[in-house]
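Participant: mind folding the following:
(one chain, ligands or ions: 3)
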Amino acid sequence: MTFLTTLKVAAPAGYATPFLAVAVPQQGLPSSLTALDAATGGALGRLYAAGDFLGKKDEVVLLHPPGSAQRLLLVGVGKAEDSDRNQLRRAAAAAAKRAGTAGAPSLALYLTPEARGSLAPRDAGQVLAEGLHFGQWSYRELKRPPEDPKPDLETAAILVDGDLAEYQAGAALGDAIGGGQSLARSLQVLPGNTCTPRYLAAQAVALAERHGLRCTVLDLAAIRKEQMGGLLAVAQGSAEEPRFIVLEHAGAGGKPVVLVGKGVTFDTGGISIKPADKMEDMKYDMSGAAAVLGTFEMLGRCKPAVRVVGLVPTVENMPSGTAVKPGDVITSHFGKTIEIINTDAEGRLILCDALSYARRFEPACVLDAATLTGAVVVALGNFVSGIMGTDDGLLEEVRRAGDRSGERVWPLPLWDEYRDLIKSDIADVKNSGGRPAGSIAAGWFLREFVEGYPWVHLDIAGTAYSDREDVTRPKGPTGVCMRLFSEFVLGRSR
Ligand code: BES
Ligand code: MN
Ligand code: ZN
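Facilitator: Ligands and ions are numbered 1, 2, ... in the order given. From the prediction side, this is the model:
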């Protein structure tokens with residue numbers, strides 16, 4: 001796993017670096033680069049004059065200026081008046097990704113004042129740091145090293161004119177969030193034969209020890225004792241034992257924010273088995289869990305004054321002679337009976353036990369993140385996660401955290417009419433309502449187990465991983481929801 005280990009903020013004058021990236025708006029050569037243009041023998045002026053670079057969003061060009069050993073990368077952020085947290089984060093990610101492929105061990109990113117637009121220095125420092133981590137992340141662990149391996153990008157500097165303390169404060173936060181997100185992605189990317197429920201639990205324990213947080217792991221016996229019937233039903237088809245992870249950051253005490261993450265380490269569908277095409281992507285079915293663990297990595301580093309509890313039910317969904325079958329009826333932790341129509345609707349079976357277990361913490365609110373339904377991908381695609389919940393104020397708070405983090409969300413209606421989708425003929429509820437409004441039916445199912453606290457559910461099936469590379473990231477895990485969770489929690493600590 002590659003991690004950015006050193007991140008600093010400095011003034012640009014005289015800063016020596018083998019790889020200089022410069023964030024610029026779409027407006028011709030900015031006056032802040034006059035000296036750099038002169039130092040590169042007019043290379044920048046010629047580039048702009050030829051119309052080979054405009055500074056559009058996500059546009060990058062790599063130069064080897066005459067007389068200089070260093071590489072010079074220009075990254076566009078689009079029109080200065082549109083420059084925002086999201087675009088600057090993307091620019092930093094694009095810079096780090098390009099530096100990584102070039103094999104540069106360190107990178108300096110100069111934020112021109114023109115590209116910053118009206119963003120506050122603290123905000124800019126935060127999102128640039130986040131972006132540098134995001135663009136730097138890659139996973140090469142399972143490939144044999146080539147004879148002449150490229151060094152990992154390990155050091156990055158953010159270069160700014162003035163206000164260094166403000167940028168530094170923002171960058172420290174962005175560094176912690178970025179580190180948490182890299183942890184989330186590094187868990188997501190692991191194959192199912194490595195990242196089992198026991199492995200996830202061991203990672204949670206290690207994380208807690210690293211940062212002095214509380215962590216309790218319920219093993220099979222403890223899960224039985226708790227009567228987590230949903231988690232046990234999914235687990236019974238697999239040779240791997242389930243685990244139920246409880247993490248706690250004490251913060252300032254009081255009622256906690258509870259974060260729940262779906263931790264299905266591989267989802268075959270069970271007896272209602274999935275088609276073979278793209279089934280390998282179901283190693284990502286623990287992405288909600290990764291977001292929760294990544295958030296605790298951030299909490300451990302920043303120690304904000306807010307109490308947070310993390311709950312991760314983790315299990316493998318397999319078909320076997322002992323697997324749960326369509327038509328089986330089970331009793332959940334909450335006490336409600338569930339008719340299992342489709343064993344592939346397993347996420348809601350483990351989440352409902354976590355939502356029920358959450359009641360004992362008297363939560364201020366509960367947020368859950370889950371790669372829950374293929375239907376959310378049909379409804380919203382890959383740029384936005386679906387949200388549903390019981391409280392308009394909380395939904396709005398989550399939406400704002402989504403905007404700030406660049407991990408946007410969009411609401412689906414959890415209206416009463418949809419409740420009928422999960423009515424069972426013989427049990428309290430059934431776990432599948434078939435094809436119509438699949439994401440909302442899943443939301444309604446979860447809602448049946450929410451009692452005594454405001455709640456928002458995030459369906460991240462379309463956003464947790466990507467089968468397309470872009471300028472900021474390779475194919476694969478996105479770490480989605482970790483940054484959103486972080487913004488939400490930090491918002492409550494202020
Ligand atoms: N893990 C899947 C959802 C999923 C699909 C995640 C595609 C990422 C990409 C979930 O457990 C599932 O299988 N859901 C079913 C529910 C259905 C049987 C009611 C689905 O969406 O088809
Ligand atoms: Mn499934
Ligand atoms: Zn699943």
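
Participant: now do P121 against ligand 3, distance only.
Facilitator: For P121, the distance to ligand 3 (C-beta to the ion, to the nearest Å) stands at 42 Å. Glycine gets a C-beta too; all of them are placed from N, C-alpha and C.

Participant: quick one, phi/psi of the residue lying closest to T40 once chain neighbours are set aside?
Facilitator: Spatial nearest neighbour of T40, chain neighbours left out: P65 (3.6 Å); criterion: C-beta to C-beta, 6 or more residues apart in numbering. Reported as degrees, to the nearest 10, the phi and psi values for P65 are phi -60, psi 140.

Participant: so P65 touches L72, yeah?
Facilitator: Yes. Using C-beta atoms under 8 Å, P65 is in contact with L72, at 5.4 Å.

Participant: overlap of the contact sets of those two?
Facilitator: 40, 43 (C-beta atoms under 8 Å, 6 or more residues apart in numbering).

Participant: and the closest residue to ligand 1 within the stretch 51-200 of the chain, how many neighbours does it have?
Facilitator: Closest to ligand 1 within the stretch 51-200 of the chain is Q188: 11.8 Å, counting by C-beta to the nearest ligand atom. As a burial measure, Q188 scores 27 neighbours (other C-beta atoms under 10 Å).

Participant: cool, and G393?
Facilitator: Counted with other C-beta under 10 Å, G393 comes out at 10.

Participant: give the pairing partners of the longest strand belonging to the chain; include direction for each.
Facilitator: Counting residues, the longest strand found in the chain (DSSP state E) is strand 308-317. Strand 308-317 has its sheet partners listed here by DSSP bridges as strand 243-249 (antiparallel), strand 257-261 (parallel), strand 263-267 (parallel).

Participant: show me how far the last one is from its chain's centre.
Facilitator: With C-alpha atoms, centre = their mean, to the nearest Å as the basis, strand 263-267 stands 16 Å off its chain's centre.

Participant: what of stretch 270-290?
Facilitator: Stretch 270-290 sits 18 Å away from the centroid of its parent chain (C-alpha atoms, centre = their mean).

Participant: how about the residues of this structure by ligand 3?
Facilitator: Counting by C-beta under 5 Å from the ion, the chain comes close to ligand 3 at 264, 267, 285, 347.

Participant: of the residues you listed, which are in range of ligand 2?
Facilitator: Within the residues of the chain next to ligand 3, those near ligand 2 by C-beta under 5 Å from the ion are D267.

Participant: still on that earlier bit, what's the burial count for the residue nearest to T40?
Facilitator: If you count neighbours by other C-beta under 10 Å, P65 ends up with 19.

Participant: state the distance from it to G381.
Facilitator: Using C-beta to C-beta, to the nearest Å, one gets 41 Å for the distance from P65 to G381.

Participant: what number of residues lie near the closest residue to ligand 3 within the chain?
Facilitator: The minimum distance from the chain to ligand 3, using C-beta to the ion, falls at D267 (3.7 Å). A count of neighbours around D267, defined by other C-beta under 10 Å, yields 25.

Participant: now E280
Facilitator: Every residue meeting other C-beta under 10 Å relative to E280 is counted, giving 11.

Participant: re the thing from before, against which helices or strands is the helix or strand following the longest strand of the chain packed?
Facilitator: For strand 308-317, the following helix or strand on the C-terminal side (DSSP states H and E) is strand 329-331. Applying 3 or more C-beta pairs under 8 Å, 6 or more residues apart in numbering; DSSP states H and E, we find strand 329-331 packed against helix 229-235, strand 337-339.

Participant: may I see the buried residues of strand 329-331?
Facilitator: Using 16 or more other C-beta atoms under 10 Å as the test for burial, strand 329-331 gives 330-331.

Participant: so how far is stretch 74-88 from its chain's centroid?
Facilitator: Using C-alpha atoms, centre = their mean, the offset of stretch 74-88 from its chain centre is 22 Å.

Participant: quick one: mean pLDDT for that stretch?
Facilitator: Per-region confidence: stretch 74-88 scores 95 on mean pLDDT.

Participant: give me the contacts around it.
Facilitator: Here stretch 74-88 makes contact (C-beta under 8 Å, 6+ apart) with 21-27, 44, 47, 53-61, 63, 90-91, 94-95, 111, 114-119, 123-124, 126-128, 131, 404, 406.

Participant: go again using 7 Å as the cut-off
Facilitator: Contact with stretch 74-88 is made by 21-27, 53-61, 91, 94-95, 114-117, 119, 123-124, 127-128, 131, 404, 406, as judged by C-beta atoms under 7 Å, 6 or more residues apart in numbering.

Participant: neighbours of G41, how many?
Facilitator: 13.

Participant: pretty sure it contacts P66?
Facilitator: Yes. Because the distance of 4.9 Å satisfies C-beta atoms under 7 Å, G41 is recorded as touching P66.
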